[in-house]
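Engineer: Next input, structure requested:
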Amino acid sequence: MKTFYLTDSGKIREHNEDSVIIVKNNHNEYLMTVSDGMGGHSNGELASSMAIMHLTKNFMGLGKMGSKMETVNWLRDNVNEINQKIFKYTAEHTESKGMGATLVVAILTNDYLLFGNVGDSSGFVLKDKKLHKITYDHTLVNLLVSAGELTEEQAKQHPRKNVLMKALGVNDPVEIDIFDVDINIDAILLCSDGLTNMLTQEQIERVLNSDLDINEQVIKLIKKSNNRGGTDNISIAYLIMKSGDNQ
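Structural biologist: The predicted model follows:
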């Protein structure tokens, strides 16, 4: 395995509200997660770091993940706990009203791969040099596309394309979407919308299929996003399954 993660504030935002991490336990199992905070000032940064720290601590504290179904339940429980933590904080700190975060997570064991998401941070897999999006963005425009009221092209240009229908600290209760993913893949990519709003899937795919080292690929994606405007924080967590090559 090869892993690399990085976050960048972008060209417009004064500070970074994203959090990102990849950790491995003693059983060669991986937790990858990206969280995009919202709420302004330091509130978004706090919400996203609360999400990442909670998941990381409980993942490492568990020792070894159980069965696939046990991990699904673990994910659901942890997301509910994070959600309650954020709501509790905003109740006690009224100035932080509106604080929340997206979450995309991947858990890779020797036997299975699970993705989960709340909001519009994205999870992809690379297989046979093709990038496939696994997660579903919980946005207003996606809802309108599903209802047949907007086309995919109209959604890309819609003035309210970033309006979230679901996020941690916003919905109570909150339900995480969980995806059971074929483990026979080449790589896993998680990112905040600071990447996907700036680059097309094809542009991302081209960089991931290049001969650059894993860290250079991630850095190049962030540079490209910034060159196109860098209107948001950009966070990427990337894992390549075969340590011998980048494909």
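Engineer: ok, Leu143 - contacts?
Structural biologist: Counting by C-beta atoms under 8 Å, 6 or more residues apart in numbering, Leu143 touches Met165. Where you see a C-beta, it was placed from the backbone N, CA and C, and this is true even at glycine.
Engineer: Which helix or strand lies directly C-terminal to the lowest-mean-pLDDT helix or strand in the chain?
Structural biologist: Lowest on mean pLDDT, DSSP states H and E among the helices and strands of the chain sits helix 152-157, with a mean of 76. Remark: after helix 152-157, the chain's next helix or strand is strand 177-181, criterion DSSP states H and E.
Engineer: contacts for that next one?
Structural biologist: By C-beta under 8 Å, 6+ apart, the residues outside strand 177-181 that reach it are 68, 72, 75-76, 112-118, 123, 125, 134-136, 138.
Engineer: Flag every buried residue along it.
Structural biologist: For strand 177-181, a neighbour-count test (16 or more other C-beta atoms under 10 Å) marks 177-178, 181 as buried.
Engineer: Just the closest of the residues you listed to Pro159, please.
Structural biologist: Distances from Pro159 to those, taken as C-beta to C-beta, are shortest for Asp177 (25.5 Å).
Engineer: Each with direction, which strands does the biggest strand by length in the chain pair with?
Structural biologist: Longest strand in the chain, counting residues (DSSP state E): strand 30-38. Note on strand 30-38: by DSSP bridges, its sheet partners are strand 18-24 (antiparallel), strand 100-101 (antiparallel), strand 103-108 (antiparallel).
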